[in-house]
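Peer 1: Sequence and predicted structure are below.
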Amino acid sequence: MPLYSFFAKSIDGREKKGIVEIEDLEEFEEKLKSEGFFLVSIKEKKGRSWRDIFSFFSSVSLKEKIFFTRNLAVMLSAGLSLSRALNTISFQTKNKKFKEIILEIREEIERGKSFSETLGLFKDVFSEFYQSIVMVGEESGTLVDSLKMIAKQLEREDELKSRITGALIYPAVIILAMIGVGILMLVFVIPKLAETFFELGVSLPLSTRIVISLGLFFQKNIFILILFFIFLFLFLRFFLRTKLGRKIFSFLSLRIPILSNVFKTAIFASLLRNVSTLISAGVALPRALEITAQTVGNLYYRESFLECKERIKKGEKLSDALKDFPHLYPPLLVEMVAVGEETGESSSILLKLASFYEKEVLRFTKNLTSVIEPVLILIIGVAIGFFAFSVIQPIYSLVNAIQ
């Protein structure tokens with residue numbers, strides 16, 4: 001049976017999409033209606049490629065979305081139609097998945113859908129923040145300005161992520177190199193030393209017996225261990241996409257010594273800038289909080305923003321709602337939000353506060369290496385000392401016995 005990709009919606013706004021095998025299109029449409037859904041679009045898939053099978057692992061990077069948004073704004077400001085601009089950008093896009101998405105967006109627009117409505121079909125690529133700003137731009141006739149605003153926000157986000165990633169690369173490389181060298185020693189060096197010690201009948205201390213046992217275990221089960229680590233990587237990749245996995249990761253990221261301050265500050269910068277951008281675009285504060293909540297990866301901050309949204313709907317101020325989360329929001333942030341509410345300059349105050357936290361992230365990341373370096377040296381020193389003691393102690397005992 002042929003494969004079809006479909007998209008359906010219910011009267012209450014629920015969405016359903018996927019890829020199915022269909023023999024009778026009318027029968028499939030009736031089935032959707034019985035479930036409360038109406039078919040919006042359907043397209044036959046000509047075949048399945050390896051890229052389709054492994055599409056779960058492919059993604060659209062932040063830099064690609066920035067390139068798309070910037071170029072689309074430039075082309076629209078030059079007078080090109082939206083459909084033609086999308087077609088032109090698709091030829092410049094190297095990511096095949098993103099290219100297909102852009103072409104599908106163009107097709108939906110040519111069928112009469114709005115740009116913002118079409119973006120909603122690809123929520124894994126275009127966030128609700130992106131869609132909302134585009135919608136405001138379409139309604140006000142300032143789509144080009146909205147796209148420029150989105151591009152600027154994405155560039156800020158990319159810069160913060162790059163700074164944090166760059167600061168973490170150095171310790172990550174050192175730790176991985178240390179683990180790699182340790183495994184090589186356990187697999188190739190320790191077993192040969194163990195043979196010598198056993199032949200000579202040397203009395204081995206506890207640390208040496210532990211190292212030898214690890215070395216023999218690694219040597220005998222190296223391929224099983226490789227498969228285990230591959231499985232562990234894939235399991236973690238899937239697990240971190242579940243609600244429980246995200247909850248655990250969110251909890252740990254707020255409690256990691258040194259790094260938790262960097263993560264929190266980056267979250268503040270992103271949240272405040274997003275809310276400021278949405279408010280300045282004309283989005284109501286409760287809706288801005290709801291949209292912004294979907295853009296943050298940490299579930300604790302997401303839940304706090306959603307609760308603040310509900311309390312604001314009941315007439316509370318944002319600053320009063322934030323006060324009830326002292327473990328998430330520092331007093332400075334709460335006080336500045338209160339100042340913005342009192343002066344009626346919430347958008348500009350939030351923007352200034354976001355810039356402040358962005359500078360704090362830059363300062364943290366610059367000093368991060370000098371803070372982490374002593375800890376790494378201590379860890380490496382302990383590991384080398386343990387190995388050296390475990391290997392040298394039996395040799396020293398053997399030399400003394402010979403003398």
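Peer 2: Thanks, I have it.
Peer 1: My reading is that residue 293 lies in a helix. Confirm?
Peer 2: Yes. When DSSP: H, G, I helix; E, B strand; the rest coil is applied, residue 293 is found to be in a helix.
Peer 1: pretty sure it is touching residue 305, no?
Peer 2: Yes. With contacts counted by C-beta atoms under 8 Å, residue 293 reaches residue 305, the gap being 3.9 Å. The C-beta positions use only the backbone N, C-alpha and C, and glycine is treated the same way.
Peer 1: Between those two, tell me which one has more neighbours.
Peer 2: Per other C-beta atoms under 10 Å, whichever of residue 293 and residue 305 has more neighbours is residue 305, with 26 against 23.
Peer 1: For the helix or strand hosting that one, buried residues please.
Peer 2: Secondary structure from DSSP states H and E places residue 305 in helix 299-313. In terms of neighbour count (16 or more other C-beta atoms under 10 Å), helix 299-313 has its buried residues at 299-302, 304-305, 308-309, 311-312.
Peer 1: cool, stretch 60-72 as well?
Peer 2: 60, 64-72.
Peer 1: what do you get for stretch 252-267?
Peer 2: For stretch 252-267, the buried set under the neighbour-count rule, 16+ other C-beta under 10 Å, comprises 253-254, 259, 262-267.
Peer 1: Could you dump those residues into TSV with distance to residue 161, pLDDT and secondary structure added?
Peer 2: Shown next, in TSV, are the buried residues of stretch 252-267 (distance: C-beta to C-beta, whole Å; pLDDT from 0 to 100; DSSP: H, G, I helix; E, B strand; the rest coil):
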residue	distance to residue 161	pLDDT	secondary structure
253	14	86	helix
254	18	86	coil
259	14	79	helix
262	11	85	helix
263	11	87	helix
264	15	90	helix
265	13	89	helix
266	8	89	helix
267	12	89	helix
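Peer 1: And the buried residues of helix 299-313, which two are furthest apart?
Peer 2: Within the buried residues of helix 299-313, 299 and 312 form the most distant pair, 20.2 Å apart (C-beta to C-beta).
Peer 1: quick revisit: so which of the buried residues of helix 299-313 comes closest to residue 378?
Peer 2: Nearest to residue 378 among these, counting by C-beta to C-beta, is residue 300 at 30.9 Å.
Peer 1: so what's that closest one scoring on pLDDT?
Peer 2: Per-residue pLDDT puts residue 300 at 91.
Peer 1: I'd like to check which residues are in contact with it.
Peer 2: 250-251, 254, 328 (C-beta atoms under 8 Å, 6 or more residues apart in numbering).
Peer 1: let's go with 10 Å and repeat that
Peer 2: Taking C-beta atoms under 10 Å, 6 or more residues apart in numbering, we find residue 300 in contact with 247, 250-251, 253-254, 267, 325, 327-328.
Peer 1: Against residue 333, how distant is it?
Peer 2: As judged by C-beta to C-beta, to the nearest Å, residue 300 and residue 333 stand 15 Å apart.
Peer 1: Sketch out the low-pLDDT regions of the stretch 301-403 of the chain for me.
Peer 2: Applying pLDDT under 70 to the stretch 301-403 of the chain flags residues 398-403.
Peer 1: what touches both of residue 293 and residue 305?
Peer 2: Common contact partners of residue 293 and residue 305 (C-beta under 10 Å, 6+ apart): 271, 274-275.
Peer 1: As a markdown table, those with neighbour count and secondary structure would be great.
Peer 2: As requested, the shared contacts of residue 293 and residue 305 are exported to a markdown table (neighbours: other C-beta atoms under 10 Å; DSSP: H, G, I helix; E, B strand; the rest coil):
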| residue | neighbour count | secondary structure |
| --- | --- | --- |
| 271 | 26 | helix |
| 274 | 28 | helix |
| 275 | 26 | helix |
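Peer 1: Would you convert these into TSV that also reports distance to residue 110 and pLDDT?
Peer 2: Shown next, in TSV, are the shared contacts of residue 293 and residue 305 (distance: C-beta to C-beta, whole Å; pLDDT from 0 to 100):
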residue	distance to residue 110	pLDDT
271	36	89
274	31	89
275	34	90
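Peer 1: between the residues you listed, which is closest to residue 102?
Peer 2: Distance to residue 102, by C-beta to C-beta, is smallest for residue 274 among the shared contacts of residue 293 and residue 305, at 24.0 Å.
Peer 1: Contacts only, for the residue lying closest to that closest one once chain neighbours are set aside.
Peer 2: What sits nearest to residue 274 in space, not counting adjacent residues and going by C-beta to C-beta, 6 or more residues apart in numbering, is residue 292, at 4.4 Å. Taking C-beta under 10 Å, 6+ apart, we find residue 292 in contact with 127-129, 132, 270-278, 283, 301-302, 305-306, 309.
Peer 1: now, which of the buried residues of stretch 60-72 lie within strands?
Peer 2: The members of those all map outside strands under DSSP state E.
Peer 1: care to break the protein down by domain?
Peer 2: Domains of the chain are assigned by automatic domain parsing as 3-51, 60-154, 157-403.
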